[in-house]
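Asks: Give me a model of this one.
(one chain, ligands or ions: 1)
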Amino acid sequence: MGKQRSEELFERAQHCMPGGVNSPVRAWQSVGGNPLFVASANGATITDADGNAYIDYIGSWGPMIAGHAEPTVVEAVREVTASGMSFGASTAAEVELAERICRRFQSIDKVRLVNSGTEATMSALRAARGATGRDAIIKFAGCYHGHSDGLLVRAGSGATTLGVPDSPGVPQQIGELTRVAVFNDLESVAALCDSEVAAVIVEPVAGNMGVVPPEPGFLEGLRELCDAAGALLIFDEVMTGLRLGPAGYQSLCDVSPDLTCLGKVIGGGLPVGAYGGKAGVMDRIAPAGPVYQAGTLSGNPLAVAAGMATLDKLDEPGSYERLEEAGAKLEAGMKAALGTRKACVQRVGSMITMFFGTEKVSAYDDALACDTEHFGRFFQALIDEGVWVPPSQFEAWFVSLAHSDEQIEQTVAAIKRAVARSD
Ligand code: KE4
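Replies: Numbers count the residues shown, from 1 in each chain. A predicted model of the protein is given here:
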């Protein structure tokens, strides 16, 4: 496949943007080679700057769950655009999106819309600190909650890929307020969770080490430990919320957090994040209370329109059943392709990861032990086969409503060839 245009664009980009990208994982540094640039996308297909088409499993890292350029989403945004793009004042639409979120999530009485997952988690932690008067927080090694200072400690996703899970630039005094536990290890949490802790923040299904499901009792145990210590439990459902179910993973696991962070899907591809919880906590957020948080484009009409149109697609009968069915088909094909190799596939719903060099990933150290060199070879072979997946071992692949059975079958055949070529 020709890649000249992407190479030319990357060359130019490196002269004017750090690493030539606006987000590190896009630079393909952990899988080698120069990154491809996207020209367009439609449904489950993405087309690079040289006109090569791929079946896409990045889906903008989760938001494009209805598929790229989904007609009803595009029309919703087009219609709103013609009526003005941003006002710096409230609109009826943002009230409707907030009401829809509150109706879905039993744990959310009130929600604040922001512009990214980072903003959502950063603000949720401030809300928790404001509500408890405490400073310490607990996160889990390998979980990624965006790039705010206190959360760039043992962070997953791109931070792991680039070997900076503990980024320079984060003041030691802030880093020291972040206590790091081991995912799926309640004893590691119990040893840290005391009366100084404002909150425990967790991805209920970890997606930023690759997909790592919670083991039975883990999330329930976090709830109990938080209650005993008087700390708030924050579910970072930026990736899982609305993807794994209409009311997030919390409704599937029946564990109720004090605060929930959302993003990705609720923006349908435009910049949106959200954090919400019980009124007792949220009514302390300005202007209702003294905990300050604000945003020029929060509740932006275009982003809200894209988000609501995406939720409408997900609310159509059978949507979540289809996502589960497509995810299961892909999982079966991946496992068949891997055969008896030292590798594994871990999936929850439409989030899935193939891990090379290990047979199970329960926590960050297991993920770090993966054969990332092998993953890199596999990634490049898949690109040659016309399948575009996240350029890192430490990410989830995303299946959308637009992935047809035929495309899943094509993907499985490509995976089989790519696995054989990358041994
Ligand atoms: P953003 O600030 O990137 O919108 O969201 C941060 C975030 C928060 N919480 C979870 C669970 C997340 O997965 C993310 C962001 N996800 C990564 C992909 N694993 C974004 C991709 C990127 O960094 O370019």
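
Asks: if you average pLDDT over whichever helix or strand Arg12 is part of, what comes out?
Replies: According to DSSP states H and E, Arg12 maps onto helix 4-16. If you average the pLDDT over helix 4-16, you get 96.

Asks: Could you do stretch 328-346 as well?
Replies: For stretch 328-346, the mean confidence score works out to 98.

Asks: quick one: that stretch to chain centroid distance?
Replies: Here stretch 328-346 is found 22 Å from its chain centre; the criterion is Cα atoms, centre = their mean, to the nearest Å.

Asks: buried set for that stretch?
Replies: Neighbour counts using 16 or more other Cβ atoms under 10 Å place Ala328, Lys329, Leu330, Glu331, Gly333, Met334, Ala337, Leu338, Ala343, Cys344, Val345, Gln346 of stretch 328-346 among the buried residues. Placement of C-beta: from N, CA and C, glycine included.

Asks: Contact residues of the protein facing the ligand?
Replies: By Cβ under 6 Å from any ligand atom, the part of the chain that sits against the ligand consists of 23, 25, 61, 116-118, 121, 144-146, 157-158, 203, 207-208, 236, 238-239, 263, 395.

Asks: Narrow these to those in helices?
Replies: When DSSP state H is applied, the residues of the chain next to the ligand are split such that Gly117, Thr118, Thr121, Gly158 fall in helices.

Asks: Kindly tell me how buried the last one is, as a neighbour count.
Replies: Put plainly, it is Gly158. Gly158 has 24 neighbours, counted by other Cβ atoms under 10 Å.

Asks: I'd assumed Arg179 was in contact with Ser188.
Replies: No: with contact defined as Cβ atoms under 8 Å, Ser188 does not reach Arg179; the gap is 9.7 Å.

Asks: who's in contact with the helix holding Arg12?
Replies: Defining contact as Cβ atoms under 8 Å, 6 or more residues apart in numbering, one finds that helix 4-16 is touched by Gly20, Val21, Asn34, Pro35, Leu36, Phe37, Asp48, Ala49, Asp50.

Asks: starting at the chain centroid, how far to it?
Replies: 27 Å.

Asks: for that helix, which positions count as buried?
Replies: For helix 4-16, a neighbour-count test (16+ other Cβ under 10 Å) marks Arg5, Ser6, Glu7, Leu9, Phe10, Ala13 as buried.

Asks: Just confirm His374 contacts Val419, I think it does.
Replies: No: the pair His374 / Val419 is not scored as a contact, 9.7 Å apart, by Cβ under 8 Å.

Asks: Compare the two and say which is more crowded by neighbours.
Replies: More crowded of His374 and Val419, by other Cβ under 10 Å: Val419, with 23 against 19.

Asks: The more buried one should be in a strand, yeah?
Replies: No: secondary structure of Val419 (DSSP: H, G, I helix; E, B strand; the rest coil): helix, not part of a strand.

Asks: That one reaches Arg341, doesn't it?
Replies: Yes: the criterion here is Cβ under 8 Å, and Val419 meets it with Arg341 at 7.4 Å.

Asks: Now the stretch 201-350 of the chain against the ligand: closest residue?
Replies: Nearest residue of the stretch 201-350 of the chain to the ligand, counting by Cβ to the nearest ligand atom: Val238, 3.5 Å away.

Asks: quick one, what contacts that residue?
Replies: So Val238 contacts Gly62, Gly117, Ala120, Thr121, His145, Gly146, Cys261, Leu262, Gly263, Lys264, Gly273 (Cβ under 8 Å, 6+ apart).
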